[in-house]
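Novice: Structure for this input, please:
(2 chains)
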Amino acid sequence: MTEEGILFLHLAGVLLFVGGSVAAALLRLAAMRRERPSEIALLLRSVRPVVPIVAGGLVVTIAAGFWLASELGISLSATWLSLTFVLIGWMLVVGAAAGRQDRKTRELAERLAADGDAPSALLTRRLRDPLNLVLNASMLIAVVAIVALMVWKPGA
Amino acid sequence: MELNDWLLALHLLSAFALVAALVLFTVVIVAVRRTDSPEQVASAGRLLPVGNTAVVVGSLGVIIFGVWLAISLDGVKVWDAWVIVAIVLWAVATEAGRRSDPEFAPAIERANELVAAGRLEPDAELASLARTSKGLTLHLIATVGTLLILVDMIWKPGA
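Specialist: Numbering: from 1, shown residues only, chains lettered A, B, ... in the order given. Model (predicted):
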């Protein structure tokens, strides 16, 4: 495959990964503004089809990124690439932890929706859990930081 | 940190917002087409303003910072064939996306009316309105157009 082909795969992966992550974050933010468990459950359920887009985008991004670095003779120990790997690792760990919390919140919303659909203080508290919000925000900050690293390549 | 680096970063972040909006619209369209429940259609419809904000920010950011970058970079001219192709594709994708929105509006309105009237059972007219093939086609044109812009950016035909 030509360098252009690999770069296309890399950028298409990045667009799917970041686009999917932002869409998931927007759905979650929309859920925070609702009170009825059925509506919250619907919004959190809508995140599920986005997950394969995010995961697939990340796999393609990383695979094509390694391939591109190899083709272009870029050292994997370069500062900007090392920092990128750390940030990707952070997003994987935090994404898994925050995703598990969100799944439990969705299951609670579904139970409450089936049981009268009355607003619940517990559900609201779960949606607005400060730790979960900080973790989700840190992933968006990491995405912006990775874009900055790719553009400015500090240490290159 | 040069101006061009900033323009590229803002161009990329705008592209992310645009793709995020397309993903969100796809989720809404799939959700609306898979249910006959007025409540669920109305709930999904409430996501559209979020997507609309992201798509406006993304579309405008992509074209403004992209054209600015083309003017600012030494080796690129705004009248280069691949830049013109990108602008045309952007216009087609943006217009297709803009026209797809009103295609789903009747379904959202019908769902809101049914919910307001307390009629929460599945509704045949709602199902028919939500499964608009024109709206889906326009959304697909916008999505494919955006993908083609990426192809054009990488291979730069005529450069």
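Novice: any idea which residue sits dead centre in the chain?
Specialist: With no chain named, the answer covers chain A. For chain A, the residue nearest the mean C-alpha position is A:Ser21 (3.8 Å; Cα atoms, centre = their mean).
Novice: hm, I was asking about chain B
Specialist: Averaging the C-alpha coordinates of chain B gives a centre point, and the residue nearest to it by Cα atoms, centre = their mean is B:Leu22 (4.5 Å).
Novice: before we move on, what SS does the residue located most distally from the centre of chain A have?
Specialist: Here chain A reaches farthest from its C-alpha mean at A:Gly116, the gap being 32.3 Å by Cα atoms, centre = their mean. Classification of A:Gly116 by DSSP: H, G, I helix; E, B strand; the rest coil places it in coil.
Novice: same deal with B:Ile64?
Specialist: helix.
Novice: So which bits of chain B are right by chain A?
Specialist: Neighbours of chain A within chain B, by Cβ under 8 Å from any Cβ of the partner chain: B:1, B:5, B:8-9, B:12-13, B:15-24, B:27-28, B:30-31, B:39-40, B:43-44, B:46-47, B:50-51, B:54, B:147, B:150-151, B:153-155. Glycine gets a C-beta too; all of them are placed from N, C-alpha and C.
Novice: before we move on, back to that, ok, for the residue nearest to the centre of chain A, nearest residue in space, not its chain neighbours?
Specialist: Spatial nearest neighbour of A:Ser21, chain neighbours left out: A:Val54 (5.5 Å); criterion: Cβ to Cβ, 6 or more residues apart in numbering or on different chains.
Novice: tally of neighbours for B:Gly61?
Specialist: B:Gly61 has 19 neighbouring residues, counting by other Cβ atoms under 10 Å in any protein chain shown.
Novice: Okay, helices next: where are they in chain A?
Specialist: Under the criterion DSSP state H, chain A contains helices at A:3-32, A:37-47, A:50-72, A:79-114, A:121-127, A:130-152.
Novice: Out of these, indicate the one that is most buried.
Specialist: Mean neighbour count (mean count of other Cβ atoms under 10 Å in any protein chain shown) peaks for helix A:37-47 among those, with a mean of 23.
Novice: do that helix and chain B meet?
Specialist: Yes: using Cβ under 8 Å from any Cβ, we find that helix A:37-47 touches chain B at A:Ser38, A:Glu39, A:Leu42, A:Leu43, A:Ser46.
Novice: List the contacts of that helix.
Specialist: Outside helix A:37-47, the residues that touch it by Cβ atoms under 8 Å, 6 or more residues apart in numbering or on different chains are A:24, A:27-28, A:30-31, A:34, A:102, A:105-106, A:108-113, A:117-120, A:123, A:127, B:27-28, B:31, B:39-40, B:43-44, B:47.
Novice: if we go to 7 Å?
Specialist: The contact list for helix A:37-47, computed with Cβ atoms under 7 Å, 6 or more residues apart in numbering or on different chains, reads A:24, A:27-28, A:30-31, A:34, A:102, A:105-106, A:109-110, A:112-113, A:117, A:120, A:123, A:127, B:27, B:31, B:39-40, B:43.
Novice: Also stretch A:134-151?
Specialist: The contact list for stretch A:134-151 (Cβ under 7 Å, 6+ apart) reads A:18, A:21, A:25, A:28, A:80, A:83-84, A:87, A:90-91, A:94-95, A:97-98, B:5, B:8-9, B:12-13.
Novice: For A:Ala98, give its distance to chain B.
Specialist: Distance, A:Ala98 to chain B, using Cβ to the nearest Cβ, to the nearest Å: 17 Å.
Novice: who touches A:Pro119 in this structure?
Specialist: Contacts of A:Pro119 (Cβ under 7 Å, 6+ apart): A:Glu35, A:Arg36.
Novice: run the last query once more with 8 Å
Specialist: A:Glu35, A:Arg36, A:Pro37.
Novice: Please apply the same query to A:Asn132.
Specialist: Counted by Cβ under 8 Å, 6+ apart, A:Asn132 has contacts A:Ala98, A:Gln101, A:Asp102.
Novice: ok now do B:Leu69, which residues does it touch?
Specialist: Contacts of B:Leu69 (Cβ under 8 Å, 6+ apart): B:Asn4, B:Leu7, B:Leu8, B:His11, B:Val76.
Novice: Neighbour count and pLDDT for the residues you listed - can I get that in a markdown table?
Specialist: Below are the contacts of B:Leu69 laid out as a markdown table (neighbours: other Cβ atoms under 10 Å in any protein chain shown; pLDDT from 0 to 100):
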| residue | neighbour count | pLDDT |
| --- | --- | --- |
| B:Asn4 | 14 | 92 |
| B:Leu7 | 21 | 95 |
| B:Leu8 | 20 | 93 |
| B:His11 | 20 | 95 |
| B:Val76 | 14 | 91 |
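Novice: can you tell me which of those residues are in strands?
Specialist: Among the contacts of B:Leu69, no member falls in strands (criterion: DSSP state E).
Novice: Report the separation between the residue nearest to A:Val94 when sequence neighbours are not counted and A:Ala55.
Specialist: Closest residue to A:Val94 apart from its sequence neighbours, by Cβ to Cβ, 6+ apart: A:Leu135 at 4.9 Å. Separation of A:Leu135 from A:Ala55 (Cβ to Cβ, to the nearest Å): 18 Å.
Novice: Before I go, just wanted to say thanks for your time.
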